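sequence and predicted model, in that order:
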There are 2 protein chains.
Amino acid sequence: MATTTVRELYAHKENYLNKEVQINGWVRTLRSSKTFGFIELNDGTFFPNLQVVYDEGLSNYKEIAKLGAGSSISVSGQIVESPGAKQPFELKAAVIEIEGLAASDYPLQKKRHTFEYLRTIAHLRPRTNTFSAVFRVRSVAAYAIHKFFQERDFIYVQTPIITGSDAEGAGEMFRVTTLDFDKTPRNEKKEVDFTKDFFGKETNLTVSGQLEGESYCMAFNKIYTFGPTFRAENSNTPRHAAEFWMIEPEIAFADLSDNMKLAEDMLKFTINYVLEHCPEEMKFFNSFVDKALLERLGSIVNAEFGHITYSKAIEILKNSGERFEYPAEWGLDLQTEHERYITEKHFGRPVFVTDYPKEIKAFYMRMNDDDRTVAAMDLLVPGVGEIIGGSQREERLDHLEKRIDELGLNKEDYWWYLDLRKYGGARHAGFGLGFERLIMYLTGMTNIRDVISFPRTPKNAEF
Amino acid sequence: MATTTVRELYAHKENYLNKEVQINGWVRTLRSSKTFGFIELNDGTFFPNLQVVYDEGLSNYKEIAKLGAGSSISVSGQIVESPGAKQPFELKAAVIEIEGLAASDYPLQKKRHTFEYLRTIAHLRPRTNTFSAVFRVRSVAAYAIHKFFQERDFIYVQTPIITGSDAEGAGEMFRVTTLDFDKTPRNEKKEVDFTKDFFGKETNLTVSGQLEGESYCMAFNKIYTFGPTFRAENSNTPRHAAEFWMIEPEIAFADLSDNMKLAEDMLKFTINYVLEHCPEEMKFFNSFVDKALLERLGSIVNAEFGHITYSKAIEILKNSGERFEYPAEWGLDLQTEHERYITEKHFGRPVFVTDYPKEIKAFYMRMNDDDRTVAAMDLLVPGVGEIIGGSQREERLDHLEKRIDELGLNKEDYWWYLDLRKYGGARHAGFGLGFERLIMYLTGMTNIRDVISFPRTPKNAEF
């Protein structure tokens, strides 16, 4: 009799009906009478539980009947059709061995817990329905992204986490050091002597792998990164974490419209893949977290995404008659309220906004011929607003150097980045997708702390 | 006429022969006479180049004939059978557009460069044969690992990079901080006041995701991590980097033998996948980097891995008659010379060494009944020595607490890790595979700096 999994039982019911199996798992709930009882057993491989039926024929019946939620057991017995309508089959236990008892103060008893409370027991929360669903979707979505790019011959580049340059300019950074605060080495000017630090210079945690990714794009044509990135910003919002994962593809011989096509294809592929591979989880989210979820995702998958310039978007916002908290003015960044108006009310589907004023975008974005706007794109989706941001990159050495000068940046910091333009530069474009934002979008979860296994936020680095 | 890639041309030659195509890529070399010339064009998608033939019929013939290596071009023309034996077909250019010139000081001219020199231009080295092969293999191997685990219903867990605990005890750590060395906050005792730091406490870069991974294993049954890990060790060796990626699977209701089976299956799957998907690159490594590579990998894939206890290994080493630099004594760690003797000379194939003395292994490994050894396993492979290390974990709360006490560790630091034993603990086991070690093994490259895009080592965090 082979050990199998609940996922396998559900996938190939016909192979197991009236056969003997062994299943190992954890007791979610247990009900017992004098002579028989039921266990909802979850083995971690499948969202739904397996119903185990046992009776006083078990040699250890009394012990089993008292088992607390959370205990781990090994059950041998026969898979039989279930008389109840709730499940297609159940496991009639011949033997139940106790693997590990759960102490009686096990926090996950059968009652509702707030997400806030569950964050304090982040080591146990994946045992609940909600978090088991979240983290399976996260795993499957990560794989979908790899699969999408690998099947299209993109090279996965693992760009550095510790960086010696602050060239990205994307936000506040964490310092990485082995220097001692109590015995800090100093030079003659009494400044901290970072030549004595581990790397012989100041180093930080990366905020983006894009620039390094571009160098690989100029060798491999199509690349993507997928790794952790960091922001030392004191933002205590439901959408910000100090540590999060980003996906950053970069394509050569490509312009903004190729880039938008790639983003649209990737997003649709990932949503479809998750819908197909996590149907139980997605149904759960739709029932208990966000009743519009499946409809919204379904509409994205089938929609052709809209395209609009920033200038046109500002015009629409101004003429909308809506009262926004923040003004919509040419030259100012779009706020979430603006983004949501454009994608939800004006378009009713995902929309790319392109060609933003150069002042509100990064130095590396390609200057348009109007010399006022750059070839940037943000993808806005209903229910969220911006989910992807990208651009065509400035491949013209002289334009790029001019922009670096204009912004008062130091050209020497960018020597290798400029080399990419000097030596066979090519049109190229790319974008960044915050992985946690995607998971929030896929699950309907509204706090980023609830889609990261052990979230890091200001004043919080538990576990 | 659609733009296609060199990979696509090679994959479906029959679809393109005598058809018009457009290919974008970079000039590797160019030879020209008065009336015609040849370009070895690489478009980054495929290891071999595409031969482009052009002649004075081109409107910009003179300009093309002077193109320097590294320049990016766009070529339109017909795919024709090649009269030469070196390639199955070539592209007869009708139009060649210059996308971006390479300045004449382009460092990658057609001559041999040392790996040491190429590390100083890490942003350009993926354009060389060797590094294009290394980083494609790295990308494909990463995908193989995801595929292996996902197809077996493992959940991918992205464990935290910034950690507030130093509970792993696996080595020296990097501090992560936003405190200022010049204005360090102090408490009444004049100690650094880390409550004022970003996370309100001391934080470091993780050395392992294992402990967090175990908590997800106790929910999902089968999990793996795949992410960056860090060591602030001043080791300037060809095998150590300060930043590297690790794969750490963890399986529940499993013991050491299940764990060894998993490691063997994973390694064989990954090698097979890379051999199948990177045949050109692997042939290149076998010709130019390590002439025994394919034979060695082939023998691993077909070998049944050996199994031996540490105690038996010590006995074999003592009786070997070999002169080792370090003594082989029970209680001492095996050195690489010992490991290689065991796997290369004694077994002639990969071998798991198990049941090491508790003193030389981590606190969380499961104590054997002899109370002297723990259920650890190291996988040794010919040519390298240790490539995987793992163990069955101590699931018995009392044993684990006793071990923590014995080692003088602080139980409170492990409150959540102990909870996993208190609440439905189960037998479980796992291992760690250093991803760069695997890539070195797959490619024959002997310096870890040459399998990491932008390596981080003592005194070096360039790019």
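Right, received. Where do you want to start?

pretty sure residue A:389 is in contact with residue A:365, am I right?
No. Contact criterion C-beta atoms under 8 Å: residue A:389 and residue A:365 do not qualify, at 10.3 Å. Where you see a C-beta, it was placed from the backbone N, CA and C, and this is true even at glycine.

who's more crowded, these two?
Between residue A:389 and residue A:365, residue A:365 has the larger neighbour count (other C-beta atoms under 10 Å in any protein chain shown), namely 22 against 18.

can you verify my assumption that that one contacts residue A:391?
Yes. Between residue A:365 and residue A:391 there is a contact at 4.1 Å, judged by C-beta under 8 Å.

tell me the SS of residue A:431?
Following DSSP: H, G, I helix; E, B strand; the rest coil, the label given to residue A:431 is strand.

try residue A:189
Going by three-state DSSP: residue A:189 is coil.

measure it to chain B for me?
Residue A:189 sits 12 Å away from chain B, going by C-beta to the nearest C-beta, to the nearest Å.

and if you look at residue A:263?
In terms of C-beta to the nearest C-beta, residue A:263 sits 19 Å off from chain B.

residue A:463: neighbouring residues, count only.
When neighbours are defined as other C-beta under 10 Å, residue A:463 has 22 of them.

what's the spacing between it and residue B:419?
Separation of residue A:463 from residue B:419 (C-beta to C-beta, to the nearest Å): 11 Å.

so, low pLDDT: which residues of the stretch 51-200 of chain A?
Filtered on pLDDT under 70, the stretch 51-200 of chain A yields the residue ranges A:166-170.

hmm, back to that, quick one: common contacting residues for residue A:365 and residue A:391?
Here residue A:365 and residue A:391 have A:374, A:375, A:376 as joint contacts, going by C-beta atoms under 8 Å, 6 or more residues apart in numbering or on different chains.

okay, those in CSV with distance to residue B:276, neighbour count and pLDDT next?
Formatted as CSV, these follow (distance: C-beta to C-beta, whole Å; neighbours: other C-beta atoms under 10 Å in any protein chain shown; pLDDT from 0 to 100):
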residue, distance to residue B:276, neighbour count, pLDDT
A:374, 43, 28, 98
A:375, 39, 22, 98
A:376, 40, 24, 98
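
as TSV, those with secondary structure and distance to residue A:217 would be great.
TSV is the format used below for those (DSSP: H, G, I helix; E, B strand; the rest coil; distance: C-beta to C-beta, whole Å):
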residue	secondary structure	distance to residue A:217
A:374	strand	19
A:375	strand	16
A:376	strand	18
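
care to break chain A down by domain?
A:6-100, A:127-171+A:207-450 (the TED database).

end to end, how far does the first one reach?
It refers to domain A:6-100. 19 Å (C-alpha to C-alpha, to the nearest Å).

how far does it sit from the chain's center?
34 Å (C-alpha atoms, centre = their mean, to the nearest Å).

and chain B, is it touching that?
Yes. Judged by C-beta under 8 Å from any C-beta of the partner chain, domain A:6-100 and chain B are in contact via A:7, A:24-27, A:43-45, A:70-72, A:74, A:99-100.

joint contacts of residue A:389 and residue A:365?
Residues touching both residue A:389 and residue A:365 by C-beta under 8 Å, 6+ apart: residue A:376.

for the strand or helix carrying residue A:146, buried residues please.
Assigned by DSSP states H and E, residue A:146 belongs to helix A:129-151. Residues A:130-150 are the ones in helix A:129-151 that count as buried (16 or more other C-beta atoms under 10 Å in any protein chain shown).
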